[in-house]
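J.: Model the structure of this input:
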Amino acid sequence: MRYTYVSRYFSMPIPPECAEKHISPRNQDVTLRVGKKIWTIRFTRGTKGAGRAGILCGGWRKFVFDNTLDEFDVCLFKLALQKDEPVVLDSPKNVENESKMYSREEQAKREGARRFHLNSKKHTINQPHSTPFPSIAPLSAIVASPPPPPPRRQSILTMPLLKRTPFTLIEPPKDLDPDEQVFQVRFTKEIFRDYKEYLKRINLYRQRLWTCKVTAKGNLTYEEALVSEQQAMEKVQQFPVDLIGPVLRIIQYSTLPLIDLVNLIREKMMDPLAVGVELSGKRNGSTCPCRIVEVLEEKEGKTKYKVAWLEEDHKSKGSAIVSEDDLIRKKLPFTRSQLKSFIRESTYRNAPWVIHNKLALKYGISTEPPEELQSKVCFLNGCVVNKKRKEIKEGEEKNHKRNRVDNGASEDSSEVTKEHIKHPIDDLLVQHSAGDPVFSDRPSPSTEFSVPVECVGDLLMVWDFCTSFSKLLELSPFSLEYLEKAICHKESNTNLIVETHASLLRLLIKDEGDYYAVFKDHKRRPKITLVTWTDNLCDFLEMIEIPAFTTSIATIKRGHYGLLDAQMKLRILHELVNNVLATNLVKATLDEGIERWQALASSKREEALEDGRKRREAKERLKTESEANGANGPLPGTLYSVGNNLDEATKKHLHSNGNGAVETSSLQKHSLENGDGEHEDDLRKMTKQLMEEMEKNKEQRKEDLQREMEKRLIRTNPLGKDRDHNRYWFFRRDGRVFVESSDFESWGYYSSSEELDAFMGFLNPKGERENALKKQLERHYNKICVEMQKRNKENAQRSAAEEAELRRSSRVRAPPRENPALAFLKYVNHWKGD
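T.: Modelled structure (predicted):
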């Protein structure tokens, strides 16, 4: 699942190949079935190019919320009926069992935690990064989980190495109750009762201390090492079975380095150049099959071979005498990398190389070390070790026993020190400690909206899309308050509403998709006006065939669009935006915007590199000239060395009216005449001024570039989430921070810097989500506060104007002033095309 599938636009595309093969080419309702639950989703189809892809839009949002889908989740569907029948898609996820198993708090942890239940069947979740959530599961569920499929060939179990030494997993406790709740590591299946022990092990697995046992790749996390081993094991499985025994005999107790051992095995596995061996040879610049007939030895030490050239039926046709270099042996059935991986997998030590006891027993290979190694190695717990290591280990065990007897009383009386937990961790698992700062209470967000609270998400989505793509839509930007008031207004032909619908419909016509065909069939006028916009809107609603819009179509046709409730108006706009998003024109605009943003980012990096280069050159020249002139400090020429690296604006600012050169010349003259060093302070001041100007220009260029990049941002991302998974949004054109609840059903906002400060004081940086959210708020703090002050100032002026209008005396015979609350009625689309 991508971000736009489960958030913001809530629409999931279906590839054209899949849609054409399995779903009839028409707009229809699709039934999604998970267990006994059913959802009705609207399916729409395009008609041109990539737009032929199908889209699940209407009703898909409810399916996402009910099944708690999130970004990176994997959802599998199976077509239950034939192509020409009503579309029914089954998902293997058992939502009924999940709803019984999960509590509301547990559902809030769905992004990282995996839980098991004895009778539940859950779909696979693809998690690209490991999370701190434990897998809390009943023991009976873990025991009852199905075993993995058997490998193609039995191989020795390998585990990642910790600092290049073997690592042993923790055995599960033997006295566990079948219904006991435990913490389980997802990728090792280790079971812990104590969360601190679990967290300590997870932090160890996250560190880059692990090495792949098969490929010897280092600087990996435990999961990365596991993936590397799995990929290498797949290559090792392709090693020829008939060569395993001979290769293991060469490996056993070999003291050669890995590269030399690989070369030795390859030489021994090569077919010997003996009489009767068939291979290839070079003949007149080409390669021909041949058979060795006789081996000829010469005095110079080089061997000659008499070969017979072979035809396709292996009959001899002529002979020749060739050297060993002219003979081409057959390639071995394994590569060097496969052989290296096989050696590492089949051995448990490398000085000397010793194969696993199971392999030695299976292939009848002796485990006794040769005579030359018997004085250096011995057996300890069934494994070969160096004799010195065994003596050291036995001595450590004796000392440990002695210390345990002497210090037994003190150990019993000592308290167990608390282990340090590495923060940030999951927010719901953070516990307050004595050293924590005083956190403020969470301020209550305001919920003063004109539209129903559950419709605020659709309102923000429609407004953000219209303002982000205003040039493409040929629609003048407008404020969120204007759109909110226009939606709630009961007049049918509000100019803002008419222009918004007309611009979206015009874009659908330009794309020449499904709506364009309907537009042609009804022979509508090419220009959408104040009179004809409702007819075009009804054509669109009839095309998408959503049952909930049936009564609304009749109301709109009678000319009473204003009588529709705000929720229905926003739903209609939501469907319009979803269809516009699937057009090729919007996709091309998105691609163009991404390319411009990447170009600006590239220029930003180049500016930073150039500034760094100039600063390094200036420092190097200052240092060189200072050293050349002794301990008296830099000479006046240093000023020009720094000045040469400045941009034209800085030079113009410093040397305006020609005073800079005159002042510097006077300083040089004063230095030569007096030589008392009084000019050094003035020179240092001027040098410092130059460096400060360079820094100011750098910051100014950086701010301008950042502003240009923000102007080209098309997608609005949330600032982050708090401990309860509530999301926080900030839109550039509105001076509020919006709060979206974790169930996506309620909204609120903060509109003052005091509320923002109080909320930032509430966030605990020990939690992962709140730490990331606080960093984003600190990064955009100045910008958010400026927009908040601007909005509050405009609201104060508007309120003062409304109060002044109310205080006007009815005895004054003057035309009534315009009500500021109805300013949205005077909206004019200045970008409207012909």
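J.: tell me what the helix or strand where Leu590 lies is packed against?
T.: Counting by DSSP states H and E, the element that carries Leu590 is helix 584-628. On a contact count with 3 or more CB pairs under 8 Å, 6 or more residues apart in numbering; DSSP states H and E, helix 584-628 meets helix 470-473, helix 495-511, helix 637-643, helix 679-711. The C-beta positions use only the backbone N, C-alpha and C, and glycine is treated the same way.
J.: among these, which gets the worst mean confidence?
T.: The weakest mean pLDDT among the helices and strands packed on helix 584-628 belongs to helix 637-643, with a mean of 41.
J.: tilt between the helix holding Leu590 and helix 495-511?
T.: Per axes from the mean of the first three to the mean of the last three CA atoms, to 10 degrees, the angle that helix 584-628 makes with helix 495-511 is 100 degrees.
J.: same question for helix 584-628, mean pLDDT?
T.: Across helix 584-628, the average pLDDT comes to 79.
J.: Run a quick neighbour tally on Val214.
T.: 23 (other CB atoms under 10 Å).
J.: and if you look at Gly767?
T.: 22.
J.: From Arg206, how far out is it?
T.: Distance, Gly767 to Arg206, by CB to CB, to the nearest Å: 17 Å.
J.: isn't Trp831 right up against Leu475?
T.: Yes. Using CB atoms under 8 Å, Trp831 is in contact with Leu475, at 6.2 Å.
J.: quick one, which of these two is more surrounded?
T.: More neighbours surround Leu475 than the other of Trp831 and Leu475, with 23 against 14 (other CB under 10 Å).
J.: Can you pull the phi and psi angles for the more buried one?
T.: Per-residue torsions, Leu475: phi -130, psi 120 (degrees, to the nearest 10).
J.: How about it, nearest residue that isn't a chain neighbour?
T.: Ser503 (4.3 Å; CB to CB, 6 or more residues apart in numbering).
J.: residues near that neighbour, how many?
T.: 24.
J.: That one: what's it in contact with?
T.: Applying CB atoms under 8 Å, 6 or more residues apart in numbering, we find Ser503 in contact with 466, 473-475, 829, 832.
J.: Kindly report the same for Val739.
T.: Contacts of Val739 by CB under 8 Å, 6+ apart are 445, 726-728, 747-750.
J.: Quick check: bridge partners of it?
T.: Here Val739 sits in beta bridges with Tyr728, Gly748, going by DSSP bridges.
J.: quick one: pLDDT of it?
T.: 95.
J.: what's the distance between it and Leu576?
T.: Distance of Val739 to Leu576, given as CB to CB: 27 Å.
J.: Bridge partners for Ser319, pull those for me.
T.: Ala308.
J.: buried set for stretch 268-288?
T.: 269, 277, 279-281, 283, 288 (16 or more other CB atoms under 10 Å).
J.: In helices only, show me those.
T.: Met269 (DSSP state H).
J.: quick revisit: using pLDDT, spot the least trustworthy of the contacts of Ser503.
T.: Minimum pLDDT across these falls on Lys832, with 81.
J.: how many neighbours does Arg727 have?
T.: Applying other CB under 10 Å, we find 19 other residues in the vicinity of Arg727.
J.: Against Trp60, how distant is it?
T.: 19 Å.
J.: now Val456
T.: Distance from Val456 to Trp60, counting by CB to CB: 19 Å.
J.: Now do the SS call for Ile292.
T.: strand (DSSP: H, G, I helix; E, B strand; the rest coil).
J.: neighbours of it, just the number please.
T.: Applying other CB under 10 Å, we find 20 residues neighbouring Ile292.
J.: The stretch 201-350 of the chain: helices as residue ranges?
T.: 222-236, 244-251, 258-269, 336-346 (DSSP state H, counting those that start in this stretch).
J.: what about Asp514, neighbour count?
T.: Asp514: 22 neighbours (other CB under 10 Å).
J.: related to what we said a few turns ago, which pair in the buried residues of stretch 268-288 spans the largest distance?
T.: Greatest spacing in these, by CB to CB: Met269 and Arg283 (26.4 Å).
J.: For the closest residue to Lys217 other than its chain neighbours, give me its contacts.
T.: Once flanking residues are discounted, Lys217 sits nearest to Ser228: 5.5 Å by CB to CB, 6+ apart. Contact analysis of Ser228 by CB under 8 Å, 6+ apart lists 212, 214-215, 217, 220.
J.: Nearest to Glu324, out of the contacts of Val739: which one, please.
T.: Nearest member of those to Glu324, counting by CB to CB, is Arg727, at 72.9 Å.
J.: And the pLDDT at that closest one?
T.: 94.
J.: How about Ala801: what's its closest non-neighbour residue?
T.: Ala801 sits nearest to Pro820 (CB to CB, 6+ apart), 4.6 Å away.
J.: Is Cys212 in contact with Leu220, as I believe?
T.: Yes. Contact criterion CB under 8 Å: Cys212 and Leu220 qualify, at 6.5 Å.
J.: Overlap in contacts, these two.
T.: Joint contacts of Cys212 and Leu220 (CB under 8 Å, 6+ apart) are 160, 228.
J.: Any idea how many residues pack against Lys520?
T.: 11.
J.: please begin residue numbering at 39 from this point
T.: Happy to do that; since the first residue is 39 now, the last one works out to Lys558.
J.: can I get the CA coordinates of the one helix or strand it maps to in CSV?
T.: Per DSSP H and E, Lys558 falls inside helix 552-559. Taking C-alpha atoms only, helix 552-559 is exported to CSV below (Å, rounded to 0.1, in the frame of the first residue of the first chain):
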residue,chain,number,x,y,z
ASP,A,552,-14.9,8.5,-19.9
TYR,A,553,-16.5,11.8,-19.1
TYR,A,554,-15.5,13.3,-22.5
ALA,A,555,-17.5,10.5,-24.2
VAL,A,556,-20.5,11.2,-22.1
PHE,A,557,-20.1,14.9,-22.8
LYS,A,558,-20.1,14.2,-26.5
ASP,A,559,-23.1,11.8,-26.3
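J.: So for that helix, mean pLDDT?
T.: Mean pLDDT, helix 552-559: 88.
J.: and the angle for that helix with helix 533-549?
T.: Using the same axes, to 10 degrees: helix 552-559 against helix 533-549 is 90 degrees.
J.: Centre of the chain to helix 552-559, how far?
T.: Centre-to-centre, helix 552-559 and its host chain are 40 Å apart (CA atoms, centre = their mean, to the nearest Å).
J.: go on, stretch 308-328?
T.: 55 Å.
J.: Likewise for stretch 613-630?
T.: 24 Å.
J.: Check stretch 218-226 too.
T.: The chain centroid and the centroid of stretch 218-226 are separated by 25 Å under CA atoms, centre = their mean.
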